[in-house]
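Engineer: Just the structure for this:
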Amino acid sequence: MTQLSVNINKIATIRNARGGNIPDVVQVAKDCEKFGAQGITVHPRPDERHIRYEDVRNLRNQLKTEFNIEGNPTPQFMRLVLEVKPHQVTLVPDAASALTSDAGWNTIVHQKFLRDIVQGMKQLGIRTSLFVGTEVRFIEAAATTGADRIELYTGPYAHEYPKNKETAVHPFREAAKLAQSLGLGINAGHDLSLENLRYLIGQISFIDEVSIGHALISDALYFGLEKTIQMYLNELNIK
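Structural biologist: Model prediction:
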């Protein structure tokens with residue numbers, strides 16, 4: 001079964017809007033685990049506009065499931081990763097000013113840079129995933145970095161899904177098959193929701209993990225966090 005990692009950035013956004021510690025990011029993460037999530041994802045950005053670096057430090061010893069830290073591998077970010085030593089680090093090429101991640105790595109241009117980071121993470125026993133699109137050449141180059149997994153940027157899938165489900169999923173299905181043939185594990189994330197998740201998993205059953213934040217937290221406003229997590233798990237549990 002594909003694992004569900006809940007991205008809790010939006011919880012931190014709400015907290016930061018008012019100051020103080022409501023909602024409590026650490027407690028929400030622990031509740032997500034209690035309600036069935038198999039992992040927690042955070043994506044700290046340089047301006048700390050949602051998850052703060054201190055949040056990442058506070059979470060590490062409180063979590064019982066997989067801890068995934070996403071981000072652009074700047075020196076500051078990598079120092080945090082080396083300090084916290086999460087189970088997985090997902091390298092994302094987003095600019096400091098980006099509202100959200102909206103493109104994958106050019107793994108050809110950045111081949112040496114990524115290979116060096118991946119090798120450093122392997123020495124520490126940290127699984128490394130590279131955020132990529134569906135381009136064949138970039139997936140092939142991702143494999144040569146030594147990365148353990150790729151995370152497919154599913155924004156285009158979510159955008160096209162309401163128009164034509166098969167057209168939307170086709171490049172992702174082919175990209176996932178290629179990645180699997182190259183020995184890469186496959187994660188997926190960005191704009192996945194209760195509307196489009198089941199179809200993606202039905203077409204690509206060997207996805208290891210999905211990271212979902214914005215839609216899941218938004219749904220929780222209506223259904224409550226516990227019920228929402230169960231709803232997402234049900235979408236993943238396709239027999």
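Engineer: Please tell me the pLDDT value assigned to the spatially most central residue of the chain.
Structural biologist: Nearest to the mean C-alpha position of the chain, by Cα atoms, centre = their mean, lies residue 211 at 4.0 Å. Note on residue 211: pLDDT of 98.
Engineer: Does it touch residue 151 like I think?
Structural biologist: Yes: shown here, residue 211 and residue 151 form a contact pair, counting by Cβ atoms under 8 Å, at 7.1 Å. Every C-beta, even on glycine, is put in place using the N, C-alpha and C of the backbone.
Engineer: what residues are shared contacts of these two?
Structural biologist: 90, 187-189 (Cβ atoms under 8 Å, 6 or more residues apart in numbering).
Engineer: what ranges do the helices span in the chain?
Structural biologist: Ranges of helices in the chain, per DSSP state H, are 9-18, 25-34, 53-60, 75-84, 111-123, 136-144, 155-160, 165-181, 197-203, 214-223, 225-236.
Engineer: The last one packs against which elements?
Structural biologist: Counting by 3 or more Cβ pairs under 8 Å, 6 or more residues apart in numbering; DSSP states H and E, the packing neighbours recorded for helix 225-236 are strand 3-7, helix 25-34, helix 197-203, helix 214-223.
Engineer: Single out the most deeply packed of these.
Structural biologist: Comparing those by mean neighbour count (mean count of other Cβ atoms under 10 Å), strand 3-7 ranks first with a mean of 25.
Engineer: the inter-axis angle of that one versus helix 25-34?
Structural biologist: 160 degrees (axes from the mean of the first three to the mean of the last three Cα atoms, to 10 degrees).
Engineer: follow-up on the earlier one: please tabulate the helices and strands packed on helix 225-236 in a markdown table, including the columns distance to residue 126 and mean pLDDT.
Structural biologist: Putting the helices and strands packed on helix 225-236 into a markdown table (distance: least, Cβ to Cβ, whole Å; pLDDT from 0 to 100) gives the following:
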| stretch | distance to residue 126 | mean pLDDT |
| --- | --- | --- |
| strand 3-7 | 15 | 98 |
| helix 25-34 | 19 | 98 |
| helix 197-203 | 26 | 97 |
| helix 214-223 | 25 | 98 |
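Engineer: Can you add distance to residue 163 and give these back as TSV?
Structural biologist: Shown next, in TSV, are the helices and strands packed on helix 225-236 (distance: least, Cβ to Cβ, whole Å):
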stretch	distance to residue 163
strand 3-7	26
helix 25-34	32
helix 197-203	13
helix 214-223	18
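Engineer: Which of the ones you listed sits closest to residue 42?
Structural biologist: Checking the helices and strands packed on helix 225-236 against residue 42 by Cβ to Cβ gives strand 3-7 as the closest, at 7.1 Å.
Engineer: now the closest one and helix 225-236, what's the angle there?
Structural biologist: 140 degrees.
Engineer: which strands and helices sit next to strand 3-7?
Structural biologist: Using 3+ Cβ pairs under 8 Å, 6+ apart, strand 3-7 sits against strand 39-42, strand 66-71, strand 209-212, helix 214-223, helix 225-236.
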